[in-house]
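**Student:** quick one: sequence and predicted model below, then my questions.
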Amino acid sequence: MSTEKKNSKSRVYVINGPNLNMLGKREPEVYGFLGLDEINRQLAYVAEDLDLELTFFQSNHEGVILDKIHEIFEENPAGVIINPGALTHTSVALRDGLLLLSCPIVEVHLSNIHKREPFRHKSMIADIVTGQLTGFGHYGYHMALNAIHQLLKAV
């Protein structure tokens, strides 16, 4: 019975790129004091109330992230929340991979990338995602999840 209920929920993927496994340890004054596991736990709790199923994924390797996006494409998910980390500013391959997806995609950044070093101002995916949240810390993930939920309700 629980499998039946689980399968009826819309699946949203939360993808985190390089160095995000070090949240809470790496520059906490910039990225916050919560670790990625805690952020994911909080987000899973919110997803329950929204009747969404979350799948979390993090890798420090661009090709592994691309393989995951290809896998996600085959599943036709309800939505994707992605914090590509430094790949935001450099990866045409990530951009091309995300173009495969037809679901809402929300780009999230803990810090405001537009108030940081000039090389961080450019996002290679900003013009292809549904929306971008930057500078709200870990709440950006919550905002992204709520945005996807609202978009799914509108369909």
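**Tutor:** Thanks, I have it.
**Student:** please count neighbours and contacts with C-alpha atoms only from this point.
**Tutor:** Will do.
**Student:** quick one: the residue lying closest to Ile105 once chain neighbours are set aside from Thr90, how far?
**Tutor:** The shortest distance from Ile105 to any non-neighbouring residue, by CA to CA, 6 or more residues apart in numbering, is to Val80 (4.7 Å). To Thr90, Val80 is 20 Å away according to CA to CA, to the nearest Å.
**Student:** in terms of helices and strands, where is Ala144?
**Tutor:** Using DSSP states H and E, Ala144 sits within helix 139-154.
**Student:** and Phe56, by the same measure?
**Tutor:** Going by DSSP H and E, Phe56 is in strand 52-58.
**Student:** which helices and strands sit right next to the helix holding Ala144?
**Tutor:** helix 36-50, strand 79-83, strand 105-109, strand 131-134 (3 or more CA pairs under 8 Å, 6 or more residues apart in numbering; DSSP states H and E).
**Student:** list of residues touching the second one?
**Tutor:** In this case it means strand 79-83. 11-17, 103-109, 141, 144-145, 148 (CA atoms under 8 Å, 6 or more residues apart in numbering).
**Student:** who does that strand pair up with?
**Tutor:** strand 10-16 (parallel), strand 105-109 (parallel) (DSSP bridges).
**Student:** so the last one versus helix 139-154, what angle?
**Tutor:** Strand 105-109 and helix 139-154 are oriented at 170 degrees to each other (axes from the mean of the first three to the mean of the last three CA atoms, to 10 degrees).
**Student:** same check, this time on the longest one
**Tutor:** Relative orientation of strand 10-16 with respect to helix 139-154: 150 degrees, computed using the same axes, to 10 degrees.
**Student:** keeping just the C-alphas, turn strand 10-16 into CSV.
**Tutor:** In CSV, the C-alpha atoms belonging to strand 10-16 read as follows (Å, rounded to 0.1, in the frame of the first residue of the first chain):
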residue,chain,number,x,y,z
SER,A,10,5.1,13.7,-8.3
ARG,A,11,8.9,13.3,-8.2
VAL,A,12,11.2,16.3,-8.0
TYR,A,13,15.0,15.9,-8.2
VAL,A,14,17.3,18.0,-6.2
ILE,A,15,20.7,18.1,-7.8
ASN,A,16,23.8,19.7,-6.1
